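Colleague: this is a predicted model, with the sequence first.
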Amino acid sequence: MLPPVVQNTLSTVVRGTAFEQRLLQVLQQCFSMSLKRVGGKSDGGIDLLGWWWLPLSDSQSTTITLPRRRVRILAQCKAEKKKFLPNYVREMEGVWHMHTQASSKSLSELGTVALLLLESKFTTATLTRALGSSVPFLLMHLPLPTSPVPDSCAENALQEVGSAFWNPALGGAHGLLRGELDVRWEHDLAGGGRPGLWCRDKRVQNWTPDTCSISSQVQDN
């Protein structure tokens, strides 16, 4: 039998990996994000890296689908039972500054967002710190699911999201998204709810290049 310290370490690794895999599914199916795991010794403090595909700010389309512009996502995942404290926000600010200074933005990018994904609830002090930051922040609380979620069920996957907040540097009128998008809490008939992304009073339809490619293949067949 493995020593208790080794068992606890393995348990933490397994839990963290499972949390990241669940996040990849939820973020792609429900929030138009295409991310990949990059965790490791040389990850620079980033667990998930990729793109957030959002409607063009100058689009006149009546349906919030295409065209899209991409926003760089730097994500940290915290599968911890303890409270999420402000020091994690400060740590992510450092990661964001290091990454943006080391990389150049292409014309197709709107900018870079720091995404904190938590299994435990964040404290009021943590939220206050993030709201006052000059770094574009999105904070999402995804508690442990109460029941298994089928891989293909985006509706059930979205129910896993406990809450989502962004700061003025991201969602404000002078922020990265220029105040054109909102995170709204959508209530259902059963008394529950979920966060949803809205643009010009229309719900943003989920879209990533991967899902678009899959849909095209299905239609071709």
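Modeller: Cool, got the structure.

Colleague: against Leu118, how distant is Gly142?
Modeller: Let me fix one detail, which is that residue 142 is Leu and not Gly. 7 Å (CB to CB, to the nearest Å). Backbone N, C-alpha and C define where each C-beta goes, glycine included.

Colleague: should've said Cys30
Modeller: 16 Å.

Colleague: who has more neighbours out of these two?
Modeller: Leu118 (23 against 20; other CB atoms under 10 Å).

Colleague: for the more buried one, report the pLDDT, please.
Modeller: For Leu118, the model assigns a pLDDT of 89.

Colleague: what does the one 5 residues further on give?
Modeller: Confidence at Thr123, expressed as pLDDT, is 90.

Colleague: leaving out the residues flanking it, which one is nearest to it?
Modeller: Once flanking residues are discounted, Thr123 sits nearest to Lys83: 5.3 Å by CB to CB, 6 or more residues apart in numbering.

Colleague: looking at it, that neighbour is touching Leu118, isn't it?
Modeller: No. When contacts are counted by CB atoms under 8 Å, Lys83 is not listed as touching Leu118 (9.6 Å).

Colleague: mind listing what Phe165 touches?
Modeller: Taking CB atoms under 8 Å, 6 or more residues apart in numbering as the criterion, Phe165 is in contact with Leu127, Ala130, Leu131, Leu138, Leu139, Val183.

Colleague: note down every partner strand of the host helix or strand of it and its orientation.
Modeller: Phe165 is part of strand 163-166, with elements assigned from DSSP states H and E. According to DSSP bridges, strand 163-166 forms sheet pairs with strand 137-141 (antiparallel).

Colleague: contact partners of the partner strand?
Modeller: With CB under 8 Å, 6+ apart as the criterion, strand 137-141 contacts 89, 92, 113-122, 126-127, 130, 161-167, 169-170.

Colleague: in the protein, what spans have low per-residue confidence?
Modeller: Scanning the chain for pLDDT under 70 picks out 1-10, 39-43, 56-66, 105-108, 145-160, 190-194, 211-221.

Colleague: what's around Ser34, how many residues?
Modeller: 18.

Colleague: helix, strand or coil for Gly45?
Modeller: coil (DSSP: H, G, I helix; E, B strand; the rest coil).

Colleague: let me see the contact set for the nearest residue to it once chain neighbours are set aside.
Modeller: With CB to CB, 6+ apart as the criterion, Gly45 has its nearest non-adjacent residue at 4.0 Å, and that residue is Val95. Val95 sits next to Gly44, Gly45, Ile46, Leu74, Gln76, Ala114 when contact means CB under 8 Å, 6+ apart.

Colleague: which element is the fifth one on?
Modeller: With elements delineated by DSSP H and E, Gln76 resides in strand 68-78, which encompasses its position.

Colleague: now do that strand against strand 137-141, angle only.
Modeller: 60 degrees (axes from the mean of the first three to the mean of the last three CA atoms, to 10 degrees).

Colleague: who does strand 68-78 pair up with?
Modeller: With DSSP bridges as the test, strand 68-78 pairs up with strand 48-55 (antiparallel), strand 109-118 (parallel).
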